[in-house]
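In: for reference, the sequence and a predicted model appear below.
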Amino acid sequence: MSWTDERVETLKRMWVEGQSASQIAKELGGVTRNAVIGKVHRLGLSNRASSAEEQEAPQAAAPAKAEAARPEPVAPRAEPPRPAPAPQAAPVSNVTTLPVRKAIIPAGQPLPPQPSLNEISPEALASVREVEKRARKLTLMELTERTCKWPIGDPATDDFWFCGLPSIPGKPYCEAHVGVAFQPMSARRDRRR
């Protein structure tokens, strides 16, 4: 569906008459209500007035504008005073509280068994522990594209660092951490059985 000049004129006319976007879409055919609303917005058509006298003014002015070669400048109307806002009750809070952590395990302490750790082979874990003993212990600001970005420890403590050993090209981790992070699907499937 394309917006031809004829369809745009029909849309403008019906919009000024006060027709709803759904009614305009139904009249035009082949467009949705949202398409009509979008076109009205892109054309910059004003919001329609709510009172009967304000609706009659644009309709009476439309024929006069069509007849005049040059439109006369329209004096700005003074806006009616707005009523003072009504006092409101105290706002109701929709904030949900998060559950409190049971315990924070300090850095360097073994974590409780987790499902993802149960899938890692014992050989890979032993290799990771050996690598972490000789890790460079870099901070976030010291990492480069060529260093292992494997986090070690609890980020909430001062004893948190990244491995920092040379990473495998195209991977974010060193060889030992790649072995833990990127396991073949068949190896993971076989351990579950």
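Out: That came through fine.
In: low-confidence regions, this protein specifically.
Out: Scanning the chain for pLDDT under 70 picks out the ranges 1, 48-81, 83-121, 124, 184-193.
In: got the domain boundaries for it?
Out: 5-67, 115-192 (automatic domain parsing).
In: could you dump those into JSON lines and include mean neighbour count and distance to Arg82?
Out: All C-beta atoms are positioned from the backbone trio N, CA, C, and that covers glycine. Shown next, in JSON lines, are these (neighbours: other C-beta atoms under 10 Å; distance: least, C-beta to C-beta, whole Å):
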{"stretch": "domain 5-67", "mean neighbour count": "13", "distance to Arg82": "14"}
{"stretch": "domain 115-192", "mean neighbour count": "14", "distance to Arg82": "50"}
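In: where do the strands sit along the chain?
Out: Per DSSP state E, the chain carries strands over the ranges 151-152, 161-162.
In: grab the nearest non-local neighbour of Pro172.
Out: Spatial nearest neighbour of Pro172, chain neighbours left out: Lys149 (4.7 Å); criterion: C-beta to C-beta, 6 or more residues apart in numbering.
In: the one you found contacts Pro166, doesn't it?
Out: No: using C-beta atoms under 8 Å, Lys149 makes no contact with Pro166, being 11.8 Å away.
In: distance check, the residue nearest to Pro172 against Val178.
Out: For Lys149, the distance to Val178 equals 11 Å [C-beta to C-beta, to the nearest Å].
In: who's in contact with Ala176?
Out: Ala124, Ser127, Val128, Glu130, Val131 (C-beta atoms under 8 Å, 6 or more residues apart in numbering).
In: please verify my assumption that the third one contacts Cys174.
Out: No: using C-beta under 8 Å, Val128 and Cys174 do not qualify as a contacting pair, with a distance of 9.6 Å.
In: would you turn the strands of the chain into TSV with distance to Ile24?
Out: TSV is the format used below for these (distance: least, C-beta to C-beta, whole Å):
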stretch	distance to Ile24
strand 151-152	57
strand 161-162	59
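In: nearest to Glu142, out of those?
Out: strand 161-162 (7.9 Å; C-beta to C-beta).
In: quick one: list the elements packing against the closest one.
Out: Judged by 3 or more C-beta pairs under 8 Å, 6 or more residues apart in numbering; DSSP states H and E, strand 161-162 is in contact with strand 151-152.
In: what does the strand it packs on rub up against?
Out: So strand 151-152 is contacted by Ala107, Glu132, Ala135, Lys137, Phe160, Trp161, Phe162, Cys163 (C-beta under 8 Å, 6+ apart).
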